[in-house]
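Asks: how would this look folded up:
(one chain, ligands or ions: 1)
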Amino acid sequence: MIPFVDLKSQYASIKPEVNAAIQGVLDSCAFTLGPEVAAFEQEFATYSGAKFGIGVNSGTSALHLALLAAGIGPGDEVITVPHTFVATVSAIHYSGARPVFVDIEPRSFTLDPTKLEAAITPKTKAIIPVHLYGQPADMDPICAIAKRHGVIVIEDACQAHGAEYKGRRVGSIGDMACFSFYPGKNLGAYGEGGLVVTDNPEYTRTIKMLRDWGAEKKYHHVLKGYNYRLEGIQGAILRVKLRHLEAWTKGRQMAAARYDQALKAAGAAVPEVMPYAKHVFHIYAVRTPNRQQWMDALQAQGIQTGIHYPTPVHLLPAFADLGYKAGQFPHSERAAAEVLSLPMFAELTAEQTAEVSRAIGQLVVAA
Ligand SMILES: Cc1ncc(COP(=O)(O)O)c(C=O)c1O
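Replies: Predicted structure coming up:
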């Protein structure tokens, strides 16, 4: 049995540290926000090359509050890609703005900058490139176009903790960046969590208020806010795990390199790392026109796989009201039909990657 992710083996490797961190919060009773969250915010901002970090209760909340802090709301348009997790688009919807899609560049699975300018209108207020699977979007042309049109860039870095674009960490490139600490992420909480990083003190001040009922100080509510606070226990756990993140990223990259070598030799379509990128392999997605057959065959051999994501957001029933039709974003639609995510986690062994690669090699030969 080769699982898709293995949170148990990771916990086993850090159990005493994590348990002590949780005990510390239990002893202090600082259950929401508090000193562990404040320390984690600073440590993660520094790690990402940003000045400020604001912890919230999910990556979705991070995106929502980043949009609100930038003053985005009804009547505005926000550009993103359809080949992403639905949360990117839901957060735009929460803000009251209209999501506008631009297709992906098919090798990187990220926003195609050559298609971006045509989507900008006088109503466009922000662009949300998604660093999908752990690979940054092509940020230089995206930021140049944004600057020319006076719109902001919010990085959706929910899958890309520690990834780099031309040597710069994601989180240090756009006006703001949003991270998720959902348990299966490269840096995962033991529950829900998220964070916004930015160099902008005004955005920081506004997001800090919005996550905690819009309060400037206790019971003085200057904004209509939310209960989006990050829990103390999650802050303490994330501090422990952040210390291991670079080693875990190396583990993922080594697993990806082993897959690359074996799968290329077998003739499978492996993920491309763009010349500008340090890819952190949250997801290792191969492409195949015979996906269902591959999934079934791998499952029969005890190998778990996933699909990220089977339907591009413009074709999901929830967003039918946006009025998009099949055929409008062909690269996103094709990716959604062909991608297959292989087991990927830091502790994946050479035997396991060899076993998965051997099983895929047989499928390539049979095709
Ligand atoms: C690309 C992307 N954006 C946003 C999110 C939302 O994060 P969360 O699940 O923490 O709300 C996720 C993760 O689930 C994601 O993968």
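
Asks: just give me how far stretch 165-175 sits from the chain centre.
Replies: Relative to its parent chain, stretch 165-175 has a centroid offset of 14 Å by Cα atoms, centre = their mean, to the nearest Å.

Asks: to clarify, my last question referred to stretch 157-167.
Replies: On Cα atoms, centre = their mean, the centre of stretch 157-167 falls 9 Å from that of its chain.

Asks: ok, stretch 175-188 next?
Replies: Per Cα atoms, centre = their mean, the centroid offset for stretch 175-188 relative to its chain is 6 Å.

Asks: tell me the buried residues in that stretch?
Replies: Residues of stretch 175-188 classed as buried under the neighbour-count rule (16 or more other Cβ atoms under 10 Å) are 175-182, 185-188. Heads up, the C-betas are built off the backbone N, CA and C, glycines and all.

Asks: ok, stretch 322-338 next?
Replies: With the criterion 16+ other Cβ under 10 Å, stretch 322-338 contains buried residues 322, 324, 329, 331-336, 338.

Asks: equivalent analysis for stretch 212-228, please.
Replies: By neighbour count on 16+ other Cβ under 10 Å, the buried set for stretch 212-228 is 212-213, 215, 225-226, 228.

Asks: and for stretch 18-30?
Replies: Buried residues in stretch 18-30, counted by 16+ other Cβ under 10 Å: 18, 21-22, 25, 30.

Asks: which of the residues you listed sit farthest apart?
Replies: Comparing every pair within those by Cβ to Cβ identifies 18 and 30 as the most remote, at 17.0 Å.

Asks: from the buried residues of stretch 212-228, which ones fall inside strands?
Replies: residue 215 (DSSP state E).

Asks: between the buried residues of stretch 212-228, which is nearest the ligand?
Replies: For those, the minimum distance to the ligand (Cβ to the nearest ligand atom) is 10.6 Å, reached by residue 228.

Asks: right, and that closest one touches residue 57 too?
Replies: Yes - when contacts are counted by Cβ atoms under 8 Å, residue 228 is listed as touching residue 57 (5.0 Å).

Asks: overlap in contacts of these two?
Replies: Overlap between the neighbourhoods of residue 228 and residue 57 consists of residue 211, taking contacts as Cβ atoms under 8 Å, 6 or more residues apart in numbering.

Asks: so what's whichever residue of the stretch 1-150 of the chain sits closest to the ligand closest to, chain neighbours aside?
Replies: Each residue of the stretch 1-150 of the chain has a distance to the ligand, by Cβ to the nearest ligand atom, and the smallest belongs to residue 59, at 2.5 Å. Closest residue in space to residue 59, ignoring its immediate chain neighbours: residue 180 at 2.7 Å, by Cβ to Cβ, 6 or more residues apart in numbering.

Asks: pretty sure residue 55 is touching residue 32, no?
Replies: No - applying Cβ under 8 Å as the test, residue 55 and residue 32 come out as separate, 10.2 Å apart.

Asks: what sits in contact with each of these two?
Replies: Between them, residue 55 and residue 32 have 229-230 as joint contacts when contacts are counted by Cβ under 8 Å, 6+ apart.

Asks: so which of these two has more stuff around it?
Replies: When neighbours are counted by other Cβ atoms under 10 Å, residue 55 comes out ahead of the other of residue 55 and residue 32, with 29 against 15.

Asks: and the more buried one, how far is that from residue 185?
Replies: With distances defined as Cβ to Cβ, to the nearest Å, the gap from residue 55 to residue 185 amounts to 14 Å.

Asks: up against the ligand, what does this protein have?
Replies: Contact residues (Cβ under 6 Å from any ligand atom) of the chain with the ligand: 58-60, 84-85, 87-88, 130, 156, 158-159, 180, 182, 194.

Asks: swap the cut-off to 5 Å and go again
Replies: Residues of the chain found near the ligand (Cβ under 5 Å from any ligand atom) are 58-60, 85, 87-88, 156, 158-159, 180, 182, 194.
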